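In: Return atomic coordinates for the entry below.
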Amino acid sequence: MSKKLRQSGPATLAELQNLVKRDKEAYAEEFMQQYRHYQASLQVFKLKPSKQSEEFGELVSFLSAVSHCFPKVLKTFPSELMDLLEHHADALDPDLRQVLCRALILLRNKNMLTSSALLELFFKLFKCPDKVLRDILYRHVISDIRRLNAKHKNNAVNKTLQNFMFTMLGDPCVIAARKSLDVMVELYNRGVWHDNKTVNVIATAALLPQSKISSAAVKFFLQNKAFEDESDDDDDQATEVYKQTLQANERNKKTGKRKRKLKQALKSMKKADKKKGVDPIFHFEALHMINDPQGFAEKLFTKLRGAKTERFEIRLMYMNLISRLIGVHDLFVLNFYPYLQRYLQPYQKDVTRVLTYLAQASHDLVPSETLESVLRTIADNFISERSSPEAQAVGLNAIHAMCARCPLAMDQTLLEDLVQYKGSKHKMVTMAARSLIQLFRQVNPMMLPRKERGKPSDNPDDDAALAYGESRVVDTVPGSELLTLYDEAKAAGDIMESDGEDDGWQTASEDEDDGGDWVTVQHDDDKLKRQAKGGSEAAESEFQRDDVVQDTVTKEERARRAKELTTTRILTQDDFDRIRQLKARQAVAPAVAKRKQAIARAEEDVLDETAILPETKKRKQDKAERLAQVREGREDRGKYGFRKGKLSEHASTTNKDKAKRKNPMMMKHARHVRVKHNRDLRTKQMDARKSRMKDARNRK
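Out: Presented below is the predicted three-dimensional model:
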């Protein structure tokens, strides 16, 4: 430390702050002088807290920055600032209020005060009409709670803060309650407060009368996760393909085909970037953490029926959450279906979303009488000769989605009428009707007309429809009877395996030379192709042997063997792989007809709106749209500019462009101008003819 600087002393508090941090003992006297000045200013400031005081704010910032150097002297400093904010927060100047809050955040980062007391104060300060201050406090609350739970869950502090936030949700200040809710939602999304108590507090907020708070809580149960990494692989792959295509075009000859490939790769990369983060991953964990889903759904429905003054978008959010709760937990809210029935009109706004929510709320335990009237309403309003093809397709797809979840809701008479639409001249209607036929071929073929039932399955019990509340109980491993038949055929010598390897696979040994020739491995698909063409007797005999074995063993005997195998033998992973291979071969064989496809839509907990929308071709553009597209492509060009701009703004112009700007008196003596004037009549006629042909081609 220079002697001159020590004698002159610091000119400002910023210089003194730097010097104290470097040598606190040498500048202890200056620090105490500023601290006494702060105490005197604090007493004066309390008399008029609404008065603006920049000097007092500078003193607070200085003391908070050097508080770690004199912790004993500044022991009461944090409590004084907190007391000032707690009693005079509304009267303080906004800039000074931010300075005090930043000073407290700095003191908290230096462990000069506890977290619980400071966070409770900050939640109270959410009531202040200062948006910038609320953002500062919100970021600090999130980061501080995350830091408290970084190494392990701090249950004591978490419990105290959660109880305090629960009381803050009922605060008459809507802004403070909304900020408290946002904190809980953000901490849940980040995995800090990922417990039942947080979810149930948010569920309580969804029932509050304040629309802003309740709608934010409903969005929490409907929103996607904040951090998604599922589409990163696809995006990286699309970007890598574009980079490789671009690199290849730099070195290869420029052709139209390569240009189209580059354009297609760029389009796919842009599509992947646009798609990033859009795939829905909903908060199913939060829906399962609700303590009383039945009571919660009933209260939400009561709130929905009373929300007549709310915007229709808000009511749609309530419908979505109620339908999702009903579908996930198989709840009984029977008045919900007639409530949605009033919106089932083709001209209704967002009617496809209402149909989606109806399908989401359908499950096997809903009484068929409740949904039967809904299906009849959809058929009457959407599926009729006076309706448009789009409305017919939407109605058929909505009925398909509802019947996939509750097949008993369909009436046989109504189904016979809907099946007739498979002969419609519109493709979208035909596809929707055929999908409905395919669905009932799987769940209840006897309801369809005889010619639409398809080929019956081997087991008659599969075609029988389940009654209300009934479920099929499986007492054996599906396909285990095929394993017993395989073991018998193997013991009889009909199936030959070498060295314990299955299905003719050839594996390379470690002792073999890697530099040898490739070995042609015969795949089962080749065998099947030869059988279809009649070329391989071995393949034909193999399938004939399977058919003979299955015909000689009765169904009762196969069921008995499957049950015996399941109860007396522990199946290994190899056995399960063998069963999977045998079932796949049995499905490929022409003599075997299996119709046990899983119904994908019935297994989905969340139904997307696109599932019931018809697949339509892109409409042909009219003249106005084509002109708008042409003008959009000309935005970057001048009125008579080149199609291709310069690669660099400092690049020179072409010779053709330079010739346009030359002096005419100078150009008339040029050689090509003099030759043009000296042409004979025949040459002029030929040049004029070429010019007219060129203009005609350009006009096309």
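In: my read: Ala361 touches Gly327, true?
Out: Yes - in this structure Ala361 lies within contact range of Gly327 using C-beta atoms under 8 Å: 5.8 Å. No exception for glycine: its C-beta is placed from N, CA and C like everyone else's.
In: Those two - which one has more neighbours?
Out: Using other C-beta atoms under 10 Å, the more surrounded residue of Ala361 and Gly327 is Ala361, with 28 against 21.
In: contacting residues for the more buried one?
Out: Applying C-beta atoms under 8 Å, 6 or more residues apart in numbering, one finds that Ala361 lies in contact with Ile322, Ser323, Ile326, Gly327, Val333, Phe336, Tyr337.
In: what's the closest non-adjacent residue to the third one?
Out: Leaving out its chain neighbours, the residue that sits closest to Ile326 by C-beta to C-beta, 6 or more residues apart in numbering is Ala361, at 4.3 Å.
In: For this structure, which segments are assigned as strands?
Out: Taking DSSP state E as the test, none of the chain falls into strands.
In: Show me the shaky parts of it.
Out: Counting by pLDDT under 70, the chain shows low-confidence ranges at 1-11, 224-254, 269-284, 457-464, 493-553, 555, 584-606, 616-618, 636-647, 700.
In: Roughly how far does Met317 sit from Ala216?
Out: Distance of Met317 to Ala216, computed by C-beta to C-beta, to the nearest Å: 10 Å.
In: again with Ala379
Out: For Ala379, the distance to Ala216 - C-beta to C-beta - is 38 Å.
In: in the stretch 201-350 of the chain, which spans are helices?
Out: Using DSSP state H, counting those that start in this stretch, the helices found in the stretch 201-350 of the chain span residues 211-222, 232-251, 256-275, 284-288, 293-306, 312-329, 336-341.
In: Which of these sits closest to Val60?
Out: Closest of those to Val60 is helix 211-222, at 34.1 Å (criterion: C-beta to C-beta).
In: So which elements touch that closest one?
Out: With contacts taken as 3 or more C-beta pairs under 8 Å, 6 or more residues apart in numbering; DSSP states H and E, helix 211-222 sits against helix 174-189, helix 196-205, helix 284-288, helix 312-329.
In: Number of residues surrounding the closest residue to Arg305 other than its chain neighbours?
Out: The shortest distance from Arg305 to any non-neighbouring residue, by C-beta to C-beta, 6+ apart, is to Tyr339 (6.9 Å). A total of 14 residues lie near Tyr339 under the criterion other C-beta under 10 Å.
In: Tyr339 against Thr302, yeah?
Out: No - Tyr339 is beyond contact range of Thr302, at 11.1 Å (criterion: C-beta under 8 Å).
In: how close does Val351 sit to Leu340?
Out: 10 Å.
In: what does Ser211 give?
Out: The gap separating Ser211 from Leu340 is 21 Å, by C-beta to C-beta.
In: which one of the two has more residues nearby?
Out: Set Ser211 next to Leu340 and count neighbours by other C-beta under 10 Å: Leu340 wins out with 18 against 14.
In: check contacts around the more buried one.
Out: Counting by C-beta under 8 Å, 6+ apart, Leu340 touches Met319, Val354, Tyr357, Leu358, Val374.
In: And Ser64, how close does it get to Glu25?
Out: The gap separating Ser64 from Glu25 is 20 Å, by C-beta to C-beta.
In: can you pull the contacts of the closest residue to Phe31 other than its chain neighbours?
Out: Sequence neighbours aside, Val20 is the residue nearest to Phe31 in space, at 5.7 Å (criterion: C-beta to C-beta, 6+ apart). Contact analysis of Val20 by C-beta under 8 Å, 6+ apart lists Tyr27, Glu30, Phe31, Val66, Cys69.
In: Please narrow these to those residing in helices.
Out: Counting by DSSP state H, the contacts of Val20 place Glu30, Phe31 in helices.
In: Among the contacts of Val20, the buried ones, what's the ChimeraX command?
Out: To isolate the buried subset of these in ChimeraX, counting by 16 or more other C-beta atoms under 10 Å, use the following:
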select :27,31,66,69
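In: Distance to Asp182 for the contacts of Val20 - can I get that in a markdown table?
Out: Below are those laid out as a markdown table (distance: C-beta to C-beta, whole Å):
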| residue | distance to Asp182 |
| --- | --- |
| Tyr27 | 43 |
| Glu30 | 44 |
| Phe31 | 40 |
| Val66 | 34 |
| Cys69 | 37 |
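In: Quick check: the farthest pair among the contacts of Val20?
Out: Pairwise over the contacts of Val20, using C-beta to C-beta, the maximum falls at Glu30 and Cys69, 12.0 Å.
In: so how many other residues sit close to Pro456?
Out: By other C-beta under 10 Å, neighbour count at Pro456 equals 12.
In: what's the answer for Ser116, then?
Out: Neighbours of Ser116 (other C-beta under 10 Å): 15.
In: ok, so what distance separates it from Asn154?
Out: 10 Å.
In: next one: Asp657
Out: Look at Asp657 and Asn154: by C-beta to C-beta, they are 73 Å apart.
In: got it, and Leu113?
Out: Taken as C-beta to C-beta, the span from Leu113 to Asn154 is 16 Å.
In: swap in Asn381?
Out: In terms of C-beta to C-beta, Asn381 sits 56 Å off from Asn154.
In: for Lys656, same thing?
Out: For Lys656 relative to Asn154 (C-beta to C-beta), the value is 76 Å.
In: between these two, who's got more neighbours?
Out: More crowded of Lys656 and Asn154, by other C-beta under 10 Å: Asn154, with 17 against 7.
In: Not counting sequence-adjacent ones, nearest residue to that one?
Out: Here the residue nearest Asn154, using C-beta to C-beta, 6+ apart, is Leu148, at 4.7 Å.
In: That neighbour: neighbouring residues, count only.
Out: Using other C-beta under 10 Å, Leu148 has 19 neighbouring residues.
In: which residues does it contact?
Out: Contacts for Leu148 were tallied using C-beta under 8 Å, 6+ apart; they are Ser115, Asn154, Val157, Asn158.
In: Sitting in helices, which of those do you find?
Out: Counted as lying in helices by DSSP H, out of those, are Ser115, Val157, Asn158.
In: isn't the last one right up against His194?
Out: No - under the criterion of C-beta under 8 Å, Asn158 makes no contact with His194, lying 11.0 Å away.
In: who's more crowded, those two?
Out: For Asn158 and His194, the more surrounded residue by other C-beta under 10 Å is Asn158, and the numbers stand at 19 against 15.
In: From Glu186, how far out is the more buried one?
Out: In terms of C-beta to C-beta, Asn158 sits 15 Å off from Glu186.
In: Check Asp695 too.
Out: 67 Å.
In: Comparing the two, which residue is more hemmed in?
Out: Glu186 (17 against 9).
In: surely that one meets Ile145?
Out: No - using C-beta under 8 Å, Glu186 is not in contact with Ile145; the gap is 9.5 Å.
In: what residues do these two have in common as contacts?
Out: By C-beta under 8 Å, 6+ apart, no residue touches both Glu186 and Ile145.
In: burial count for Ala467?
Out: There are 8 residues near Ala467, going by other C-beta under 10 Å.
In: And Ala409, by the same measure?
Out: Using other C-beta under 10 Å: Ala409 sits among 23 other residues.
In: if I pick it, what's in contact with it?
Out: With C-beta under 8 Å, 6+ apart, Ala409 has these contacts: Ser362, Val366, Ser368, Thr370, Leu371, Glu372, Val374, Leu375, Met402, Cys403.
In: could you measure it against Leu358, distance?
Out: 11 Å.
In: Which neighbours do the two have in common?
Out: Between them, Ala409 and Leu358 share the contacting residues Val374, Met402, judged by C-beta under 8 Å, 6+ apart.
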